[in-house]
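Enquirer: please find the sequence and the predicted model below.
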Amino acid sequence: MNPKNFFAELKRRNVYKVAIAYAVVAWLLIQIATQVFPFFEIPNWAVRLIVLLIVVGSPIALVIAWAFELTPEGLKSTEAADGTPVPRSRRHARIFSVVIAGALSLSVFFLGRYTAPKGGRSEVPAKSIAILPFESLSEDKSNAYSLAQFAAAFAPFIVARSTMSIPAEMFGEAGLGSRLSFV
């Protein structure tokens, strides 16, 4: 068989379209499975099973696309569907649907971008640094206070010797920001 004829036959039988549609739907199913299954505490083997079924199903879908064609009358073999007259294609409907989908996507993007609340964060100077207290990894909890004191002693050293500032709310979770005032 001539390779050019083979690829033309694949195109005529809509195998390319089925392969692309299958890949998109498979990707979507895998994404949903990997994101939603852990939330519902479904075991990892279920995600692996879905991926395996998708991989096994891809050649089956391509063989079905080669042998059959979906017509307005239903699923017919490709040879039987070749004899029926093809209705006039609606090229403009596809273009309009792509344009509408693009416009809808852009409008949702700009709607979210310009209607989102601006607040929530305080202004931080251009040259600023956050100092976080060291985490005590020892079993002795009396070391935690001395580690926080070390971070508190380190902060004035940075402020005095550089042009950086340390906002009090960025001084970590140890509660030292309320006792220190660097900015």
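Expert: Perfect, I can see it now. Numbering: from 1, shown residues only.
Enquirer: got the domain boundaries for this protein?
Expert: As given by automatic domain parsing, the domain ranges for the chain are 3-84, 125-183.
Enquirer: the bottom helix or strand of the chain by mean pLDDT?
Expert: Lowest mean confidence among the helices and strands of the chain (mean pLDDT, DSSP states H and E): helix 78-82, at a mean of 62.
Enquirer: weakest of the domains of the chain by average pLDDT?
Expert: Per-segment mean pLDDT for the domains of the chain reaches its minimum on domain 125-183, at a mean of 62.
Enquirer: please, where are all the strands along the chain?
Expert: Taking DSSP state E to define them, one finds strands in the chain at 68-71, 74-77.
Enquirer: I'd like these written out as JSON lines, with distance to residue 43 and mean neighbour count added.
Expert: Using the backbone N, CA and C atoms, a C-beta is placed for each residue, glycine as well. Conversion of the strands of the chain to JSON lines gives the following (distance: least, C-beta to C-beta, whole Å; neighbours: other C-beta atoms under 10 Å):
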{"stretch": "strand 68-71", "distance to residue 43": "36", "mean neighbour count": "15"}
{"stretch": "strand 74-77", "distance to residue 43": "36", "mean neighbour count": "11"}
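Enquirer: columns distance to residue 32 on top of these, output as a markdown table?
Expert: Below are the strands of the chain laid out as a markdown table (distance: least, C-beta to C-beta, whole Å):
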| stretch | distance to residue 32 |
| --- | --- |
| strand 68-71 | 25 |
| strand 74-77 | 27 |
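Enquirer: ok, which of those strands comes nearest residue 104?
Expert: Proximity of the strands of the chain to residue 104 was assessed by C-beta to C-beta; the nearest stretch is strand 68-71, lying at 27.0 Å.
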